[in-house]
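K.L.:
take this sequence and fold it.
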Amino acid sequence: MLVTRGRNPSASEVITQLFLNKELRGRVLVTLGMLLFVRLGIYIPVPGIDAEKFQTFIEQGGQLIGFLDIFTGGGISTLGIFALGILPFINASIIIQLLTAALPQLEDLQKNEGEAGRRKIAQITRYVALGWGFMQSLVFATILLPYADNTMGTDAQFLMQTSIALVTGSIIVMWLSEIITEKGIGQGASLVIFLNIVATLPKALSSTIEKAQTGDRSDVFGIIVLLIVFLITIVGIIFVQEGARKLPIVSAKRQIGGTAILPTRQSYLPLKLNAGGVMPIIFASALIFLPITIANFAKDTKVGPFLLKASGALNPGAANPWPYAITFFALILGFSYFYASLTINPVDISANLKRGGVAIPGVRPGSATSKYLSGVQNRLTLLGGLFLGSVAIVPAAVERATNVQTFQGLGATSLLILVGVAIDTAKQVQTYVISQRYEGLVRQ
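P.N.:
This is a model prediction of the structure:
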């Protein structure tokens, strides 16, 4: 097979590698197998629930239930043992990353302990996910209590058995996502969310088509406007995900031995417009429902009614959408800065450039370079965060204005996750194909 070293692999080359390369084929099969297992767990029902009564509750749940149902791939509406899905692990990751920025011990593990430190942080995240998942499952079991049948014994027995079933399912999903990350293709947690969103698309599309066929002209016009907004959003997402600021860098002449001199080389340092990718919006989507979980958990306390009222304002289907919109926008912007600080350290980059004899033209090495990089990254993060927030809010506002509610939360947030995860996974496949290409050249 003829290849060109200076270009990205074509679609035909990727497909050929999928069939011919045993390791790549194995990784793809592992990924597909684990994702299939995640989907099967959605349809294994939690025992002891009156399905008809619970379905009535789901239909009355509005956009909040619809939004949560998207991230669990229909696990809430079908009430499968994987109903919580990957959400406890996402919440645990948020908690640990916030603590890493606040606690020197965790920061030292992440930055200075290498692979052993990262493994220890991953283990701590699993324990936090277990505890948080049990709390969420207990809240969920309490919500399900009015819909329990008479086969589960006392209320306490029902709560304990249902909580154990749900948290076990969540831990299994977390384990499967880690297998995908280690032995498959792509980031496991993101692919699980990607799969769950894709699984809800046929139902949303069929409902939209049915509305267009049975509705009046205003409904058809609203659907067309919403689809145009979605298409524009997808194009914008791709541009922002691929956008980067290329800072020119120059390496000085260096002498090797007695006579050999390496000439001055010019290159560039890429700083991504959206350094956090899809993670800020995933974390913001998960975090915005934490007050609701806490409010349900503490509803019998003195502050319970106040918490329920306050958390009700964060419902995307509330009569006044502004509290939800402003909070969601602020969380996305905040997580954009937080993730940018985790992925890019201007001080480390400046030290590495200085150590390698590389400088940015017009900027002194050392602290001046780190200050310059920090300023550029802050401006890029602001633009990327504002775009992410707009992507999450504007199409939802258009959906409300056009009165097209068939997507039930499947809006720009889901589109951003779908496009972002698809781009990241495709890049990983291309990177693997390129590595195999150069290994073949080395063998020759």
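K.L.:
tell me where the stretch 151-300 of the chain has strands.
P.N.:
244-251, 254-256, 260-262, 265-272 (DSSP state E, counting those that start in this stretch).
K.L.:
least reliable of those strands going by mean pLDDT?
P.N.:
Within the strands of the stretch 151-300 of the chain, confidence is poorest for strand 260-262, with a mean of 49 (mean pLDDT).
K.L.:
name the nearest residue to Pro346, sequence neighbours excluded.
P.N.:
Residue nearest to Pro346 in three dimensions, not counting chain neighbours: Leu373, with 3.9 Å by C-beta to C-beta, 6 or more residues apart in numbering. Backbone N, C-alpha and C define where each C-beta goes, glycine included.
K.L.:
neighbours of the one you found, how many?
P.N.:
If you count neighbours by other C-beta atoms under 10 Å, Leu373 ends up with 23.
K.L.:
that one is in contact with Ala351, isn't it?
P.N.:
No - contact status for Leu373 versus Ala351: not in contact, 11.2 Å apart, counting by C-beta atoms under 8 Å.
K.L.:
what's the burial count for Tyr324?
P.N.:
Tyr324 is flanked by 21 other residues according to other C-beta under 10 Å.
K.L.:
shouldn't it be within a helix?
P.N.:
Yes - the assignment for Tyr324 by DSSP: H, G, I helix; E, B strand; the rest coil puts it in a helix.
K.L.:
kindly list the longest helix within this structure.
P.N.:
The helix that spans the most residues within the chain, counting by DSSP state H, is helix 367-402.
K.L.:
now that helix against strand 265-272, angle please.
P.N.:
Taking axes from the mean of the first three to the mean of the last three C-alpha atoms, to 10 degrees, one finds helix 367-402 and strand 265-272 inclined to each other by 40 degrees.
K.L.:
for the residue nearest to Pro346, give me its contacts.
P.N.:
247, 271, 344, 346, 349-350 (C-beta atoms under 8 Å, 6 or more residues apart in numbering).
K.L.:
now the residues you listed in CSV, with neighbour count?
P.N.:
Below are these laid out as CSV (neighbours: other C-beta atoms under 10 Å):
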residue, neighbour count
Leu247, 16
Leu271, 20
Ile344, 18
Pro346, 20
Ile349, 17
Ser350, 23
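K.L.:
for the record, mean pLDDT for the strand or helix carrying Val429?
P.N.:
According to DSSP states H and E, Val429 maps onto helix 412-443. The pLDDT scores in helix 412-443 average 72.
K.L.:
run through the chain and note the low-pLDDT ranges.
P.N.:
Under the criterion pLDDT under 70, the flagged ranges of the chain are 1-11, 57-75, 150-153, 215, 252-265, 286, 289-320, 395, 402-413, 436-444.
K.L.:
can you give me the domain assignment for this protein?
P.N.:
Here the domain parsing of the chain from automatic domain parsing is 24-204, 216-410.
K.L.:
how far is the first one from where the chain is centred?
P.N.:
On the basis of C-alpha atoms, centre = their mean, to the nearest Å, the separation between the geometric centre of domain 24-204 and that of its chain is 13 Å.
K.L.:
return the residues in contact with Tyr43.
P.N.:
Residues near Tyr43 by C-beta under 8 Å, 6+ apart: 78, 80.
K.L.:
kindly report the same for Ile95.
P.N.:
128, 132.
K.L.:
before we move on, which element is it in?
P.N.:
For Ile95, the host element (DSSP H and E) is helix 87-102.
K.L.:
show me what counts as buried in stretch 335-353.
P.N.:
By neighbour count on 16 or more other C-beta atoms under 10 Å, the buried set for stretch 335-353 is 335-341, 344-346, 349-350, 353.
K.L.:
span of it from start to end?
P.N.:
End-to-end span of stretch 335-353 (C-alpha to C-alpha, to the nearest Å): 27 Å.
K.L.:
also stretch 81-93?
P.N.:
End-to-end for stretch 81-93, by C-alpha to C-alpha: 22 Å.
K.L.:
contacts for it?
P.N.:
Stretch 81-93 is contacted from outside by 38, 41-42, 44-46, 71-73, 75-76, 125-126, 128-130, 132-133, 136-137, 140, 165-170, 172-174, 177, 189, 192-193, 196, 282-283, 286-287, 290, using C-beta under 8 Å, 6+ apart.
K.L.:
which of the residues you listed count as buried?
P.N.:
Buried by 16+ other C-beta under 10 Å: 38, 41-42, 46, 71-73, 75-76, 125-126, 128-130, 132-133, 136-137, 140, 165-170, 173-174, 177, 189, 192-193, 196, 282-283, 286-287, 290, out of those.
K.L.:
from Ile234, how far off is the closest residue to Gly384 other than its chain neighbours?
P.N.:
Leaving aside its sequence neighbours, Gly384 sits nearest to Asn274 (C-beta to C-beta, 6+ apart; 3.9 Å). Asn274 sits 15 Å away from Ile234, going by C-beta to C-beta, to the nearest Å.
K.L.:
higher neighbour count, the two?
P.N.:
Neighbour count, other C-beta under 10 Å: between Asn274 and Ile234, Asn274 has more, with 27 against 16.
K.L.:
dihedrals phi and psi, that one?
P.N.:
phi -120, psi 80 (degrees, to the nearest 10).
K.L.:
that one touches Ser336, doesn't it?
P.N.:
Yes - counting by C-beta under 8 Å, Ser336 is a contact partner of Asn274 at 7.4 Å.
K.L.:
okay, and the common contacts of those two?
P.N.:
Joint contacts of Asn274 and Ser336 (C-beta under 8 Å, 6+ apart) are 384, 388.
K.L.:
and the closest residue in space to Gly80 that isn't next to it in sequence, how far is that from Ser267?
P.N.:
Spatial nearest neighbour of Gly80, excluding adjacent residues (C-beta to C-beta, 6+ apart): Ile42 at 4.3 Å. Distance check for Ile42 against Ser267: by C-beta to C-beta, it reads 48 Å.
K.L.:
swap in Ser170?
P.N.:
For Ser170, the distance to Ser267 - C-beta to C-beta - is 45 Å.
K.L.:
same check, this time on Gln161
P.N.:
Distance, Gln161 to Ser267, using C-beta to C-beta: 61 Å.
K.L.:
more crowded one of the two?
P.N.:
Comparing Gln161 with Ser267 by neighbour count (other C-beta under 10 Å), the higher total belongs to Gln161, at 16 against 12.
K.L.:
I'd assumed Gly48 was in contact with the more buried one.
P.N.:
Yes - using C-beta under 8 Å, Gln161 makes contact with Gly48 at a distance of 7.2 Å.
K.L.:
what segments of the stretch 101-250 of the chain are helices?
P.N.:
Assigned by DSSP state H, counting those that start in this stretch, the stretch 101-250 of the chain shows helices spanning 104-112, 114-144, 155-183, 188-214, 217-242.
K.L.:
perfect, I'm done here.
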